[in-house]
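Asker: Structure, please.
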Amino acid sequence: MPMNALYAQSGGVTPVINASAAGVIAAARMHPNHIGRVYVAKNGILGVLHEELIDTSVLTNTDLAQLKATPGGAFGSCRHKIKTEAELARILAVFKAWDIGYFFYNGGGDSADTCLKVSELAEAAGYPLLAIHVPKTIDNDLPHTDNSPGFGSVAKYVATSVREAGLDVRSMAASSTKVFILEVMGRHTGWIAAASGLAARSEGEPPHLILLPEVAVDEGRLLAAVENTVMRYGYCVIVAAEGVKDTHGTFLSEAGGKDAFGHVQLGGLAPYLAGLIKTHCGFKCHWSVADYLQRAARHTASATDLAQAIAVGEAAVKLAVAGQGGMMVTIERLGEVPYTWDIGAVPLGVVANCEKPLPAEFIAADGFGITAAARRYFAPLIAGEAPPPYIDGLPDYGTWVWSIEAPCLPIFKP
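Answerer: Numbers count the residues shown, from 1 in each chain. The predicted model follows:
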């Protein structure tokens, strides 16, 4: 009898993470001789610990199509770091109880670490489990892959927003706001902020200044750049990654506290910069934080991103059926013009807890912009439109109420 499969979503969601889920589920159904039932853990690895499993056999082809067109995590996600032997033992007990032989974990770097731990646990216990990491992260910081599903759509949303907001600020700059600051996600890497540079088609178009975690901010130099930009163009649009640091290595937006993985909580960069500029330059400033809007904007999804999100889900199943566990699916860039790509895979050990910084050759000499090489890299990732269906003028996103399977084991008490 074929063993069952378990899929779960982890970490911050993306506009296309559900497309990867649909890819996994649809591909698994094509291999009934290898894979039995496909379950999903509600709220990521927490659903495994609490034995809250969903049987995906209830999903129709229409449901799968709607998953591909819906943002957020349809099955629930989580931020939870496996820390104890008791948790690892519980995960293995649940897998045994449900005859799980395939584990597909859809997430970023921290999720890759969880997937690796589960894979190593099963191997040490002699349990037949193939664990595959399905990549996704809007931060685009997973190593050994050309890009990460979710990033292309967020990059498209941010570049679009900068172009639109720039037109607004320009039209009012003579008598009102002269500086607009958009804060985007990016704790340690500036991929999202850098991609906003695609909004500028010619000299003088926004974003005029891009602040990256890879480049320390000297406040005096920043203020001089803002003044010079306003003098030349009449206004200044700034895109800043949340993880920007000063010359002493301190986050400008450090808010105090840490998350489940020990990461410092960030917040408030945009208002901080607005206050700094207003105080020292006297310009009226306006700021905005893209926050969850950027990672939920399915209406501006990139067609390239959607196709790759589906493909990594399908490829994860192919790896599993081929007996290749302990791996992460990767995207390989084959050509620039036209942009061509293929699917590959790397061992989880080279991915877990690793980050891919923005390359130095993508950063302009003054540290406030991007190079032609960066534009060549980013451009195909935001290419093409893949809008969701609309009803009454609004996206027709799916909402599901899942039925949880009756548990086999006692309630978990960590």
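Asker: shaky segments in the stretch 251-400 of the chain?
Answerer: Per-residue confidence for the stretch 251-400 of the chain (pLDDT under 70) gives these ranges: 254-267.
Asker: can you map out the helices along it?
Answerer: For the stretch 251-400 of the chain, applying DSSP state H, counting those that start in this stretch gives helices covering 269-281, 291-296, 303-321, 372-378.
Asker: Give the other helices and strands that the last one contacts.
Answerer: In this structure, helix 372-378 packs against helix 191-195, with contacts taken as 3 or more C-beta pairs under 8 Å, 6 or more residues apart in numbering; DSSP states H and E. The way it works is simple: take the backbone N, C-alpha and C, and place the C-beta from them, glycine included.
Asker: Give me the contacts around the helix it packs on.
Answerer: The contact list for helix 191-195 (C-beta atoms under 8 Å, 6 or more residues apart in numbering) reads 138-141, 151, 154-155, 158-159, 184-186, 210-212, 239-241, 294, 358, 362-363, 370, 374, 378, 381-382.
Asker: who does the residue nearest to residue 194 when sequence neighbours are not counted bridge with?
Answerer: In space, and not counting its chain neighbours, residue 194 is closest to residue 370: 5.1 Å by C-beta to C-beta, 6 or more residues apart in numbering. Residue 370 has the following beta-bridge partners by DSSP bridges: residue 363.
Asker: and residue 370, how many residues sit next to it?
Answerer: By other C-beta atoms under 10 Å, 24 other residues sit near residue 370.
Asker: show me what contacts it?
Answerer: Residue 370 neighbours (C-beta under 8 Å, 6+ apart): 194, 197, 210, 362, 363, 364, 378.
Asker: so which two of those residues are the farthest from each other?
Answerer: 364 and 378 (13.8 Å; C-beta to C-beta).
Asker: Looking only at neighbour counts, state which of the two leads.
Answerer: residue 378 (25 against 15).
Asker: now the farthest one out in the protein, which residue is it?
Answerer: Most distant from the centre of the chain: residue 175, at 38.4 Å, with distances by C-alpha atoms, centre = their mean.
Asker: and that residue, that one's in a strand?
Answerer: No - counting by DSSP: H, G, I helix; E, B strand; the rest coil, one finds residue 175 to be coil, located in no strand.
Asker: Now do the helix or strand containing residue 40, average pLDDT.
Answerer: Using DSSP states H and E, residue 40 sits within strand 35-41. The pLDDT scores in strand 35-41 average 98.
Asker: List the contacts of the helix or strand following that strand.
Answerer: As assigned by DSSP H and E, the chain's next helix or strand after strand 35-41 is helix 45-49. Identification of contacts with helix 45-49 by C-beta under 8 Å, 6+ apart yields 6, 8, 10, 40-41, 52-53, 75-76, 78, 80, 82, 87, 90-91, 94-95, 105, 114, 412, 414.
Asker: Out of those residues, list just those in strands.
Answerer: Applying DSSP state E to the contacts of helix 45-49, the entries found in strands are 6, 8, 40, 41, 53, 105.
Asker: Nearest to residue 64 among those?
Answerer: The closest of these to residue 64 turns out to be residue 40 (C-beta to C-beta; 12.5 Å).
Asker: The closest one and residue 58 touch, don't they?
Answerer: No - shown here, residue 40 and residue 58 do not form a contact pair, counting by C-beta atoms under 8 Å, at 10.7 Å.
Asker: In contact with residue 223: list those residues for me.
Answerer: 276, 277, 280, 281.
Asker: Give the closest residue to the third one in space, chain neighbours not counted.
Answerer: Right, the one you point to is residue 280. residue 223 (5.1 Å).
Asker: Confirm that neighbour sits in a helix?
Answerer: Yes - under three-state DSSP, residue 223 falls within a helix.
Asker: Please enumerate the helices of the stretch 1-150 of the chain.
Answerer: Under DSSP H, counting those that start in this stretch, the stretch 1-150 of the chain gives helices at 17-29, 45-49, 61-68, 85-97, 109-125.
Asker: Out of those, indicate the one that is most buried.
Answerer: Comparing the helices of the stretch 1-150 of the chain by mean neighbour count (mean count of other C-beta atoms under 10 Å), helix 17-29 comes out on top with a mean of 26.
Asker: That helix versus helix 61-68: what angle between them?
Answerer: 140 degrees (axes from the mean of the first three to the mean of the last three C-alpha atoms, to 10 degrees).
Asker: Kindly reformat the helices of the stretch 251-400 of the chain as JSON lines and extend each row with distance to residue 23.
Answerer: Listed next are the helices of the stretch 251-400 of the chain as JSON lines, based on distance: least, C-beta to C-beta, whole Å:
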{"stretch": "helix 269-281", "distance to residue 23": "35"}
{"stretch": "helix 291-296", "distance to residue 23": "19"}
{"stretch": "helix 303-321", "distance to residue 23": "2"}
{"stretch": "helix 372-378", "distance to residue 23": "24"}
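Asker: what's the closest of the ones you listed to residue 119?
Answerer: For residue 119, the closest of the helices of the stretch 251-400 of the chain is helix 303-321, at 11.7 Å, according to C-beta to C-beta.
Asker: how many degrees apart are that closest one and helix 61-68 in direction?
Answerer: Angle of helix 303-321 versus helix 61-68, following the same axes, to 10 degrees, is 120 degrees.
Asker: got the CA coordinates for the longest helix along the chain in PDB?
Answerer: With secondary structure taken from DSSP state H, the chain has its longest helix at helix 151-172. Output of helix 151-172 as PDB, limited to C-alpha atoms (Å, rounded to 0.1, in the frame of the first residue of the first chain):
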ATOM      1  CA  PHE A 151       9.100  37.400  -4.600                       C
ATOM      2  CA  GLY A 152       8.200  38.200  -8.200                       C
ATOM      3  CA  SER A 153       4.600  39.200  -7.300                       C
ATOM      4  CA  VAL A 154       5.700  41.300  -4.400                       C
ATOM      5  CA  ALA A 155       8.400  43.000  -6.500                       C
ATOM      6  CA  LYS A 156       5.700  43.800  -9.100                       C
ATOM      7  CA  TYR A 157       3.400  45.200  -6.400                       C
ATOM      8  CA  VAL A 158       6.000  47.400  -4.900                       C
ATOM      9  CA  ALA A 159       7.300  48.800  -8.200                       C
ATOM     10  CA  THR A 160       3.800  49.500  -9.300                       C
ATOM     11  CA  SER A 161       3.000  51.300  -6.100                       C
ATOM     12  CA  VAL A 162       6.100  53.400  -6.300                       C
ATOM     13  CA  ARG A 163       5.300  54.400  -9.800                       C
ATOM     14  CA  GLU A 164       1.700  55.300  -8.900                       C
ATOM     15  CA  ALA A 165       2.600  57.100  -5.600                       C
ATOM     16  CA  GLY A 166       5.400  59.000  -7.400                       C
ATOM     17  CA  LEU A 167       2.900  60.500  -9.800                       C
ATOM     18  CA  ASP A 168       0.700  61.600  -6.900                       C
ATOM     19  CA  VAL A 169       3.600  63.200  -5.000                       C
ATOM     20  CA  ARG A 170       5.000  64.900  -8.100                       C
ATOM     21  CA  SER A 171       1.600  66.500  -8.900                       C
ATOM     22  CA  MET A 172       1.400  68.100  -5.400                       C
END
